[in-house]
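With the sequence up front, the predicted model follows.
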Amino acid sequence: QDEAADDASTEEATNEDDDASTESTQSQKSTSSDSSQGSEYELEEEDASDSGDRKCSAISNIILTYPAQGISNAISIRKMNKDSLEKGRFLDDTIIDFALWHSQTSWQERHTGATLHVFGSFFFTKLKNALTSKTKQPRRAKLNEREMQARRTRSLTDVAKWTKGINIFEKDLLLIPIFNKNHWTLAVVCYAGYIVDGARRGKSGVLYLDSLSSDTRRAARQTKQHMRLIRQYLNYMRNNEQVPCEDVFTDNSLPCHVLAVPQQENGCDCGIYLLEYASCILKEMANTDDLLQRLLEKQSTAWAGDPSAKREQLMKLIERLSANEAEDEATEKTEAAPTMAKNEVLRTTKDGVAEVQTKPAEQEQEATTHTEPTKDEAAATEEVKVTEKTEAAPKDEAAATEKTEAAPTMAKNEVLRTTKDGVAEVQ
């Protein structure tokens, strides 16, 4: 009882501060390019013009749109996001989303048996704010429990839109990345649909993977809070889709299992470890028989991975997909180029729009007149030129002879000079 009271008082005192710090830090992560070992983020105030320049610069710095441009909720990866993959940097939430989405897509292309859904990196933050944050009100305008519940219901309705069109209870696994107090952890809900259907009880549960679980008191308190929020969300989604009834997701029906996993050795690799845990789970999903039990029995060393190798692998993946995207764009531009006939030309209008226009008749006739001659025509023309030169040779020789005969005969002491009247005379 003392422990429960201590947890309750601690949770009530820290919820509001945790919510503010978690959402603020995570939002800053998506816009800040620098971090101090991933533990602190700072944003400097800028004027409107500087802010506009930064937005334009951010758009121009997009190096990859995954899975493709024009797709709803596509992830835009910028240079500053990719830079977070450098050694000693705190992993960007954009990279977390990209890596999990790519892993899910790649896995689904190779397997058709088990199904899973991966939530976005901001999902849990929004869920926590919806269920625990206290709306600031004037001192005299205190909200009663009924009004608070109505506000939470409206907030949960917004959170439920994250899975619009998806029945999460038909999925075998739900992967939920959790960001809290500058630290990434991973929660995996296994077979939640079994509880809703009332079948195969005992096969469901939540796996919690934390690369800093060695701090047992802190980890136990946070794990308890996170599991409570996840169960509340599942109960809301169940009652939202079916006839409302008592909560079916409880500590007994959906127990939490904290797995013994490798621990990080610094303050910045928690995101990398989260991705390593997710990769190991996807490998185990190739065989769905007793999946939960096999994951529980998995040895700690089997979850191990090399953080540096994972960072290098993700950087090469982004570079390869970026090169493929650039190649596809170039191909599309080539295929979109208009096909023009011989009497057409590509011109730019006053509005800067390129359009195909037909050449005027004079230009077309001129182009036709200056067409290249055939080989036979060229040979005939060359033969005519040789004949003309041959016939003209005697005429040139006779003219030269006449000039020689007409020239005056001069002695050695005489010269030929021209007078003022333009007459040539011998002097």
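All right, it came through fine. Numbers count the residues shown, from 1 in each chain.

Pull the contacting residues for Glu276.
Each residue near Glu276 by C-beta atoms under 8 Å, 6 or more residues apart in numbering is listed here: 303-305, 307, 310. No exception for glycine: its C-beta is placed from N, CA and C like everyone else's.

which residues in the stretch 1-150 of the chain form strands?
Taking DSSP state E, counting those that start in this stretch as the criterion, the stretch 1-150 of the chain contains strands spanning 62-66, 75-78, 116-118.

could you say what helices and strands the longest one packs with?
For strand 62-66, the helices and strands in contact under the criterion 3 or more C-beta pairs under 8 Å, 6 or more residues apart in numbering; DSSP states H and E are strand 75-78, helix 93-110, helix 307-336.

can we see that at 6 Å?
Applying 3 or more C-beta pairs under 6 Å, 6 or more residues apart in numbering; DSSP states H and E, one finds that strand 62-66 makes contact with strand 75-78, helix 307-336.

can you check the shortest one too?
Helices and strands touching strand 116-118, as assessed by 3+ C-beta pairs under 6 Å, 6+ apart, comprise strand 173-179.

continuing past the strand it packs on, what's the next helix or strand?
Past strand 173-179, further along toward the C-terminus, the next helix or strand under DSSP states H and E is strand 184-190.

State the distance from Phe123 to Ser213.
For Phe123, the distance to Ser213 (C-beta to C-beta, to the nearest Å) stands at 22 Å.

about what we covered before: could I get the helices and strands packed on strand 62-66 as CSV with mean pLDDT?
As requested, the helices and strands packed on strand 62-66 are arranged in CSV below (pLDDT from 0 to 100):
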stretch, mean pLDDT
strand 75-78, 94
helix 307-336, 88
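
Quick check: which of those is nearest to Leu234?
Leu234 sits nearest to strand 75-78 of all these, at 26.2 Å, using C-beta to C-beta.

Each with direction, which strands does the closest one pair with?
Strands that pair with strand 75-78, judged by DSSP bridges, come out as strand 62-66 (antiparallel).

can you state the direction angle for the partner strand and helix 93-110?
Between the axes of strand 62-66 and helix 93-110, defined by axes from the mean of the first three to the mean of the last three C-alpha atoms, to 10 degrees, the angle is 40 degrees.

Mind listing what's buried along strand 62-66?
If you call a residue buried by 16 or more other C-beta atoms under 10 Å, then strand 62-66 has these buried ones: 63-66.

one step back: of the contacts of Glu276, which is the most crowded?
Pro307 (22 neighbours; other C-beta atoms under 10 Å).

Surely that residue and Asp269 touch.
Yes - taking contact to mean C-beta atoms under 6 Å, the distance of 4.6 Å between Pro307 and Asp269 places them in contact.

check contacts around Leu296.
Counting by C-beta atoms under 6 Å, 6 or more residues apart in numbering, Leu296 touches His257.

Report pLDDT for it.
The predicted local distance difference test score for Leu296 is 87.

what's it sitting at in phi/psi?
Dihedral pair for Leu296: phi -70, psi -30, per degrees, to the nearest 10.

What's the separation between it and Ala114?
Look at Leu296 and Ala114: by C-beta to C-beta, they are 17 Å apart.

What of Ile96?
With distances defined as C-beta to C-beta, the gap from Ile96 to Ala114 amounts to 22 Å.

quick one: which of those two has more around it?
Between Ile96 and Ala114, counting by other C-beta under 10 Å, Ile96 is the more crowded of the two (22 against 17).

check contacts around that one.
121, 177, 271.

Those into a markdown table, with extra columns for pLDDT?
A markdown table is the format used below for the contacts of Ile96 (pLDDT from 0 to 100):
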| residue | pLDDT |
| --- | --- |
| Ser121 | 94 |
| Pro177 | 97 |
| Gly271 | 95 |
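
Out of the residues you listed, which comes closest to Trp101?
Using C-beta to C-beta, Ser121 is the member of the contacts of Ile96 that sits closest to Trp101, with 10.4 Å.

Surely the closest one and Asp93 touch.
Yes - assessed by C-beta under 6 Å, Ser121 is found in contact with Asp93 at 4.2 Å.

Just after the host helix or strand of Gln225, pick out the following helix or strand.
Assignment of secondary structure by DSSP H and E places Gln225 within helix 216-241. Tracing the chain past helix 216-241, the next element assigned as helix or strand by DSSP H and E is strand 256-258.

Show me what that next one pairs with in its sheet, parallel or antiparallel.
Taking DSSP bridges, the sheet neighbours of strand 256-258 turn out to be strand 205-209 (parallel).

Determine the angle, from 0 to 180 degrees, between the partner strand and strand 173-179.
40 degrees.

Looking at Asn252 now. What's its pLDDT?
Note on Asn252: pLDDT of 90.

State the distance from it to Ile195.
10 Å.

Compare those two (neighbour count), which wins?
Ile195 (21 against 7).

That one belongs to a helix?
Yes - following the definition DSSP: H, G, I helix; E, B strand; the rest coil, Ile195 is counted among the residues of a helix.

Quick one: residues contacting it.
Taking C-beta under 6 Å, 6+ apart as the contact definition, Ile195 lies against 204, 248, 253.

Going by neighbour count, which of the residues you listed are buried?
Neighbour-count burial (16+ other C-beta under 10 Å) is assigned, among the contacts of Ile195, to 204, 248, 253.

Report the spatially closest residue to the last one, excluding sequence-adjacent ones.
In space, not counting the residues next to it along the chain, Ser253 is nearest to Ile195; the distance is 5.3 Å by C-beta to C-beta, 6 or more residues apart in numbering.

confidence score at the one you found?
87.

Kindly report the same for Gln225.
According to the predicted model, the pLDDT of Gln225 comes to 92.

cool, and the one 5 residues further on?
pLDDT, Ile230: 95.

And for it, the neighbour number?
Close neighbours of Ile230, defined as other C-beta under 10 Å, add up to 23.

where's it relative to Asp251, distance?
12 Å.

ok, now Asn61?
When C-beta to C-beta is the yardstick, Asn61 and Asp251 sit 47 Å from each other.

surely Ile77 meets Thr65?
No - using C-beta under 6 Å, Ile77 is not in contact with Thr65, being 7.5 Å away.

For those two, list the residues in contact with both.
Counting by C-beta under 6 Å, 6+ apart, Ile77 and Thr65 have no shared contacts at all.
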